[in-house]
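Undergrad: just coords:
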Ligand code: F6P
């Protein structure tokens, strides 16, 4: 009987549970022993795991977060930590691990694979920033959460004829900010990938729209773009609110949405894609294939060599940004 394991690592994302469920059920249905490792690589090094069965993953498909808990481990990036993990795998007869997480987690999976433990990565992060994939588990739910939250902010923004600046997650990637920005009709969207100038990209746009009769404004800022604000002498989104009040005379408020974006019941899209990816990953391991990352490209589920996947590049679609700027005026 084969023994495979599953863990979730890095920032959690809605839909991770659906992926865990799919790995466990696919494994069990195909005669494997499936171990659930708690708290990512930290739990692997500590041997914190338990045998799962079909019923261990009942009643989780609709839940956000991850039933296996998640963690980021510095120790695991050291050779000593890696050796601890390998010993634990050997002691427990683990032949392969499905690693659900972001690219940091995939680097760990690559390092384990090189040392003889088959690993398959499944992309789970709300940021959608995994280079080999069009889509990552959790992204759709997070986008919908942001839209819902900003729609609420918009009600009060409109009532008071204000400017509301909303910071959304995405330390290195602006996918959430760009697409949420379009969905909420933001006047300006600030992204880490695209250079902006406060005068032309915010102040001038606000003045132009004011002339057409617009009285309330939403500005969406990706977390990773706030550093660029600082470079232009503005201290984060609160500083931007003060700057707008002072220069345009529109009362402004700043909101950091924060971790609310990572929670909540996964959307249909996240549940379905997570289920497909989790099952695909388990099948790879059951077939003795490791060192792969499961990906989604143009609606198709496929897999890549981990090293190849980590070396790929993906860029934000500038046409989408141009469209957003053209119509949100
Ligand atoms: O999961 C990725 C992410 O959501 C980033 O967008 C964000 O910067 C980061 O997690 C914050 O994570 P934490 O607060 O858990 O360190």
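TA: Alright, I've got the coordinates. Only a predicted model underlies this, so the values are computations on that prediction, with no experimental measurement involved.
Undergrad: just checking the helix or strand containing residue 167 against the ligand, any contact.
TA: When elements are assigned from DSSP states H and E, residue 167 belongs to strand 163-168. No. Contact of strand 163-168 with the ligand (Cβ under 6 Å from any ligand atom) is absent, the minimum separation being 8.4 Å. Every C-beta, even on glycine, is put in place using the N, C-alpha and C of the backbone.
Undergrad: what lies in contact with that strand?
TA: 146, 149-150, 153-154, 156-157, 176-177, 180, 206, 216-223, 226, 236-237, 240-241, 244, 248, 250-257, 261 (Cβ atoms under 8 Å, 6 or more residues apart in numbering).
Undergrad: buried set for it?
TA: Buried residues in strand 163-168, defined by neighbour count with 16 or more other Cβ atoms under 10 Å: 163, 164, 165, 166, 167, 168.
Undergrad: cool, and stretch 150-160?
TA: For stretch 150-160, burial by neighbour count (16+ other Cβ under 10 Å) applies to 150, 153, 154, 157.
Undergrad: again with stretch 190-208
TA: Within stretch 190-208, the residues that count as buried by 16+ other Cβ under 10 Å are 190, 191, 192, 193, 194, 196, 198, 201, 202, 203, 205, 206.
Undergrad: make CSV out of the residues you listed and add secondary structure, distance to the ligand and pLDDT.
TA: Shown next, in CSV, are these (DSSP: H, G, I helix; E, B strand; the rest coil; distance: Cβ to the nearest ligand atom, whole Å; pLDDT from 0 to 100):
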residue, secondary structure, distance to the ligand, pLDDT
190, strand, 15, 97
191, coil, 13, 97
192, coil, 11, 96
193, coil, 14, 95
194, coil, 17, 95
196, coil, 19, 95
198, helix, 23, 96
201, helix, 22, 96
202, helix, 22, 97
203, helix, 27, 97
205, helix, 26, 96
206, helix, 27, 97
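Undergrad: still on that earlier bit, which ones among the contacts of strand 163-168 map onto helices?
TA: Among the contacts of strand 163-168, the members found in helices (DSSP state H) are 146, 149-150, 153-154, 156-157, 176-177, 180, 206, 226, 236-237, 240-241, 244, 248.
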